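Engineer: Just the structure for this:
(one chain, ligands or ions: 1)
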Amino acid sequence: MSTIALQALPSSTGAAKRLAARFGFGLACDEIALHRFPDGELRVTVAPTADTTILFASLDQPNDKLIALLFAAEALRRGGARRLVLVAPYLCYMRQDIAFHPGEAISQRAMGRLLATLVDRVVTVDAHLHRTSDIRSVFPGIEAENLSAMPAIADALAAEGIDSATVVIGPDAESGPWVSDLAGRLRLQHTVARKRRRDDRSVDIDFADPTLLSGRPALMVDDIVSSGTTLMVAARALRTMGATAIDAVVTHALFPAAMVTAFTDAGVRSIRSTDSVPHPTNAIALDEVLAAALQSELGTTCSRETTR
Ligand SMILES: O=P(O)(O)OC[C@H]1O[C@@H](O)[C@H](O)[C@@H]1O
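Structural biologist: Here you go, the predicted structure:
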């Protein structure tokens, strides 16, 4: 019988423990210990490994976490891990999938190649792949899955009840697949706006049918809220179009918590996120969708603790 362990970066231990509990056989979650030296370098210490180790590391604020992951993978392999599975509910650096200007690095490609040298499988949620149709092309030679948060979001919204006149809104063409999926699950009308980004904090958004929202609630859906510009500009447009209420739901909440006030000022009544990134707006847990994807790792395994 082979063994399995779960180890998490400190910022991911909450979600990792929820995942472990969902497996239902007493799998412990070990926190990877990080020590920062006075000069800023990191020492990384892992718990004893198992044949298969699930490394839980959501990669928001990624630069230090990537170094920690690199060192953790080294220690786990040297400790005997035959299979490393990275669970990164938020996968960083996926948005730059082409060189928009001469000389720019394609971060998606570089990140995929780096992670493919460290682990055997990557599991993520609503990765921003845009022009990349298959996540496996990002990770040469290893397994990779891009799960959807929309079933969990739809279940949460349906459970609390939603006005059937609500229009599900996507702020740009990239959001189309999420918007149509969620609207289909909730049996709601949907529309996707046109967005033109001028720079990091400046976008123009317009809707093909400016009358659609008149007197109706809007539910904005997106994969990422980062600077919050897209959400605020879209909310102002929806308000001008006569939306009676504007709620937002997002998979990855990357914005500073204090920005919620600015969203309220722009007309957003509520914003909820999944727990892919720890955030005060977290309202939808992803443990069930992650556990389902990871069932194949359990096979005839038992937790490392039970075999010591
Ligand atoms: O406008 P901010 O919040 O900075 O960026 C998030 C938006 O930019 C896109 O890549 C995302 O899909 C989302 O629509």
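Engineer: so how many other residues sit close to the residue lying closest to residue 277 once chain neighbours are set aside?
Structural biologist: Spatially, and ignoring its direct neighbours in sequence, residue 277 is nearest to residue 60 (4.5 Å; CB to CB, 6 or more residues apart in numbering). The way it works is simple: take the backbone N, C-alpha and C, and place the C-beta from them, glycine included. Per other CB atoms under 10 Å, the neighbour tally for residue 60 reads 21.
Engineer: Likewise for residue 143?
Structural biologist: 14.
Engineer: low-confidence ranges in the stretch 151-300 of the chain?
Structural biologist: Within the stretch 151-300 of the chain, the stretches with pLDDT under 70 are 300.
Engineer: got the residues of it near the ligand?
Structural biologist: Within reach of the ligand by CB under 6 Å from any ligand atom, the stretch 151-300 of the chain has these residues: 171, 172, 174, 222, 223, 224, 225, 226, 227, 228, 229, 230.
Engineer: so the third one sits in a helix?
Structural biologist: Yes. Remark: residue 174 belongs to a helix, assigned using DSSP: H, G, I helix; E, B strand; the rest coil.
Engineer: if we can go back for a sec, list the contacts for the residue nearest to residue 277?
Structural biologist: 11, 90, 92, 252, 254, 277 (CB atoms under 8 Å, 6 or more residues apart in numbering).
Engineer: Then residue 54?
Structural biologist: The contact partners of residue 54, by CB under 8 Å, 6+ apart, come to 4, 5, 6, 7, 85, 87, 294, 297.
Engineer: Report the secondary structure state of it.
Structural biologist: Following three-state DSSP, we place residue 54 in the strand state.
Engineer: Which parts of the stretch 151-300 of the chain are helices?
Structural biologist: Applying DSSP state H, counting those that start in this stretch to the stretch 151-300 of the chain gives helices spanning 176-186, 229-240, 260-265, 287-298.
Engineer: Check which residues of the first one are buried.
Structural biologist: Within helix 176-186, the residues that qualify as buried by neighbour count (16 or more other CB atoms under 10 Å) are 178, 179, 180, 181, 182, 183, 185, 186.
Engineer: try the third one
Structural biologist: Applying a neighbour-count criterion of 16+ other CB under 10 Å, one finds 260, 263 buried in helix 260-265.
Engineer: who's in contact with it?
Structural biologist: Outside helix 260-265, the residues that touch it by CB under 8 Å, 6+ apart are 228, 231, 232, 235, 248, 271, 280, 281.
Engineer: Looking at those residues, spot the one nearest the ligand.
Structural biologist: Using CB to the nearest ligand atom, residue 228 comes nearest to the ligand of these, at 4.9 Å.
Engineer: I'd like the distance between that closest one and residue 155.
Structural biologist: Per CB to CB, to the nearest Å, residue 228 is found 26 Å from residue 155.
Engineer: Among the two, which residue is more densely surrounded?
Structural biologist: residue 228 (22 against 13).
Engineer: That one against residue 253, yeah?
Structural biologist: No. Applying CB atoms under 8 Å as the test, residue 228 and residue 253 come out as separate, 10.0 Å apart.
Engineer: Pick out the residue nearest the middle of this protein.
Structural biologist: Among the residues of the chain, the one closest to the centroid is residue 90, at 3.2 Å (CA atoms, centre = their mean).
Engineer: quick one on the thing from earlier: which two among the residues of the stretch 151-300 of the chain next to the ligand are spaced furthest apart?
Structural biologist: Spatial extent of those (CB to CB) is set by the pair 174 and 228 at 16.7 Å.
Engineer: So what's the gap between stretch 128-141 and the chain middle?
Structural biologist: Relative to its chain's centre, stretch 128-141 lies at 15 Å (CA atoms, centre = their mean, to the nearest Å).
Engineer: Give me the residues contacting that stretch.
Structural biologist: Under CB under 8 Å, 6+ apart, the answer for stretch 128-141 is 94-95, 97-98, 108-109, 111-113, 115-116, 122, 124, 127, 143-146, 174, 223-224.
Engineer: And the residues you listed, which of them are buried?
Structural biologist: Buried members of the contacts of stretch 128-141, counted by 16+ other CB under 10 Å: 94, 97, 108-109, 111-112, 115-116, 122, 124, 127, 144, 146, 174, 223-224.
Engineer: ok, back up a step: separation between the residue nearest to residue 277 and residue 168?
Structural biologist: Residue 60 is 25 Å from residue 168, where distance means CB to CB.
Engineer: How about residue 29?
Structural biologist: Per CB to CB, residue 29 is found 35 Å from residue 168.
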